[in-house]
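A.B. asks: structural data only, the sequence is not supplied:
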């Protein structure tokens, strides 16, 4: 049985090992990583998929500004153990993360990823046509989703990191609920 649960501070070693297996060290060189560096995940939006005590999947969302101070979330990375890919676990993680983000009052989510895969969750290129990543990115892989109608309407400019800064320097999940909730638009 697979359990999808909140990420805990002690999960970082297994999570990072899974991310290294799925993406290698090159994941740390991506523009999306620049938006995550030194930040805590959005409160309540770091999930782990676990089976028999083993981390087999992960998804995290991060606060960003989608031009002119407009709050949004950046999704990623999402990863599933390679031996379990194509079994629907990635879809379960995505749906869980997006449902939780919507329940917490977030309006829009952006990501860089495979358009055909993410289209089934409602992500599209047109939603982010006025937005840009703060470094190299593939336009056709830059996608957005509105959890609340109009949340990204007219969004223009370069994404900027926002949210809670991780002052510890240690891998962590957002536990500063009050600070994070103030950022929700």
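C.D. replies: Looks like it arrived, so ask away. Predicted model, so just to flag it, every value in this text is computed and none were measured. Numbering: from 1, shown residues only.
A.B. asks: which positions in the lengthiest helix in the chain come out as buried?
C.D. replies: Scanning the chain for the longest helix, with DSSP state H as the assignment, gives helix 89-103. For helix 89-103, the neighbour count (16 or more other Cβ atoms under 10 Å) marks 89, 90, 92, 93, 94, 96, 97, 98, 100, 101 as buried. In short, each C-beta sits where N, CA and C put it, glycine included.
A.B. asks: list the contacts of it.
C.D. replies: Residues from elsewhere that reach helix 89-103 (Cβ atoms under 8 Å, 6 or more residues apart in numbering): 2, 4, 42, 44-45, 47, 49, 56-59, 61, 73, 75, 78, 80, 109, 120-121, 145, 147-148.
A.B. asks: sorry, back to before: columns pLDDT and distance to residue 35 on top of the buried residues of helix 89-103, output as JSON lines?
C.D. replies: Formatted as JSON lines, these follow (pLDDT from 0 to 100; distance: Cβ to Cβ, whole Å):
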{"residue": "89", "pLDDT": "97", "distance to residue 35": "25"}
{"residue": "90", "pLDDT": "97", "distance to residue 35": "21"}
{"residue": "92", "pLDDT": "98", "distance to residue 35": "25"}
{"residue": "93", "pLDDT": "98", "distance to residue 35": "20"}
{"residue": "94", "pLDDT": "98", "distance to residue 35": "19"}
{"residue": "96", "pLDDT": "98", "distance to residue 35": "22"}
{"residue": "97", "pLDDT": "98", "distance to residue 35": "17"}
{"residue": "98", "pLDDT": "98", "distance to residue 35": "19"}
{"residue": "100", "pLDDT": "98", "distance to residue 35": "20"}
{"residue": "101", "pLDDT": "98", "distance to residue 35": "16"}
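A.B. asks: for the longest strand belonging to the chain, the distance to its chain's centre please.
C.D. replies: Across the chain, the longest stretch assigned as strand under DSSP state E is strand 54-66. Its chain's C-alpha centre and that of strand 54-66 lie 4 Å apart, by Cα atoms, centre = their mean, to the nearest Å.
A.B. asks: helices and strands around it, which ones?
C.D. replies: Judged by 3 or more Cβ pairs under 8 Å, 6 or more residues apart in numbering; DSSP states H and E, strand 54-66 is in contact with strand 2-6, helix 12-23, helix 31-36, strand 46-51, strand 71-80, helix 89-103, strand 108-112, strand 157-161.
A.B. asks: export these to a markdown table and tack on distance to residue 132?
C.D. replies: Shown next, in a markdown table, are those (distance: least, Cβ to Cβ, whole Å):
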| stretch | distance to residue 132 |
| --- | --- |
| strand 2-6 | 32 |
| helix 12-23 | 23 |
| helix 31-36 | 10 |
| strand 46-51 | 26 |
| strand 71-80 | 13 |
| helix 89-103 | 22 |
| strand 108-112 | 11 |
| strand 157-161 | 5 |
